[in-house]
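Student: would you be able to build a 3D model of this:
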Amino acid sequence: MDAREQLFQQLIEDCGSGIARLAGSYVRNRAEREDLVQEIWLAIWRALPGFRGDASPRTFAYRIAHNRSVTQLARRRDSEDGEVLETVADERPGPETQLLQRRDAERLMRAVSQLPLGMRQVLTLRFEGLSYSEISEVLGISESNVAVRLNRARERLNSKLSETV
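Tutor: As a prediction, the model looks like this:
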């Protein structure tokens, strides 16, 4: 296996589920998410020869995922708004726990989906464990802008989630 294949496999292991969740935050249903995830991985594969190591491989992958997702969002901007985003099922054991976690995740995703795109972007990337610096690189904004967007998004989320309790 050459270096490109090794790096690609490592990215799939490290970022696979996170990229699927990121894609899910931009599209409406499972089929669209699966298509977008395939487009993202294809784009990552094609971009690997040009990877210079200026950023971490993880940041590189999420930047491509973000760009592809924004492109997908722009393609369907004309379609109807307000449809609830589908969540990725939690695979933890225990049916009762799964049900409660799924309800909480759906409630959270509904609340996140109602936020403006800029807030959704930073929240989704932060949910995936990216640092402010990494989010800044992925979105092409300053770290202080990341902090402001996250604080505003958290405030709105808290407000939305406390309304539905």
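Student: in this protein, what spans have low per-residue confidence?
Tutor: Low-confidence segments of the chain (pLDDT under 70): 77-94, 164-165.
Student: break it down into its domains, please.
Tutor: Here the domain parsing of the chain from automatic domain parsing is 1-83, 95-165.
Student: now these as a markdown table including mean neighbour count?
Tutor: Glycine gets a C-beta too; all of them are placed from N, C-alpha and C. Shown next, in a markdown table, are these (neighbours: other C-beta atoms under 10 Å):
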| stretch | mean neighbour count |
| --- | --- |
| domain 1-83 | 16 |
| domain 95-165 | 16 |
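Student: before we move on, which element is residue 26 in?
Tutor: Following DSSP states H and E, there is no helix or strand that holds residue 26.
Student: where does the nearest residue to it once chain neighbours are set aside fall, phi/psi-wise?
Tutor: Using C-beta to C-beta, 6 or more residues apart in numbering and skipping residues adjacent in sequence, the residue nearest residue 26 is residue 69, 4.0 Å away. Here is the backbone geometry of residue 69 (degrees, to the nearest 10): phi -70, psi -40.
Student: for residue 116, same thing?
Tutor: Backbone dihedrals for residue 116, given as degrees, to the nearest 10, come out at phi -60, psi 150.
Student: quick revisit: quick one, what contacts the residue nearest to residue 26?
Tutor: For residue 69, the contact set (C-beta atoms under 8 Å, 6 or more residues apart in numbering) comprises 22-23, 25-27, 36, 40.
Student: got a list of what residue 68 touches?
Tutor: Neighbouring residues of residue 68 by C-beta under 8 Å, 6+ apart: 36, 39-40, 43.
Student: what about it, helix or strand, and which?
Tutor: helix 57-75.
Student: would you put the C-alpha positions of that helix in CSV?
Tutor: Extracted C-alpha coordinates of helix 57-75, given in CSV (Å, rounded to 0.1, in the frame of the first residue of the first chain):
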residue,chain,number,x,y,z
PRO,A,57,-4.8,15.6,7.7
ARG,A,58,-8.0,15.8,9.8
THR,A,59,-8.4,19.5,9.1
PHE,A,60,-7.6,18.9,5.5
ALA,A,61,-10.4,16.2,5.3
TYR,A,62,-12.9,18.3,7.1
ARG,A,63,-12.2,21.3,4.9
ILE,A,64,-12.9,19.3,1.8
ALA,A,65,-16.0,17.9,3.5
HIS,A,66,-17.2,21.4,4.4
ASN,A,67,-16.6,22.7,0.8
ARG,A,68,-18.4,19.7,-0.8
SER,A,69,-21.3,20.1,1.6
VAL,A,70,-21.6,23.8,0.9
THR,A,71,-21.6,23.1,-2.8
GLN,A,72,-24.3,20.5,-2.3
LEU,A,73,-26.3,23.0,-0.2
ALA,A,74,-26.0,25.6,-3.0
ARG,A,75,-27.2,23.1,-5.6
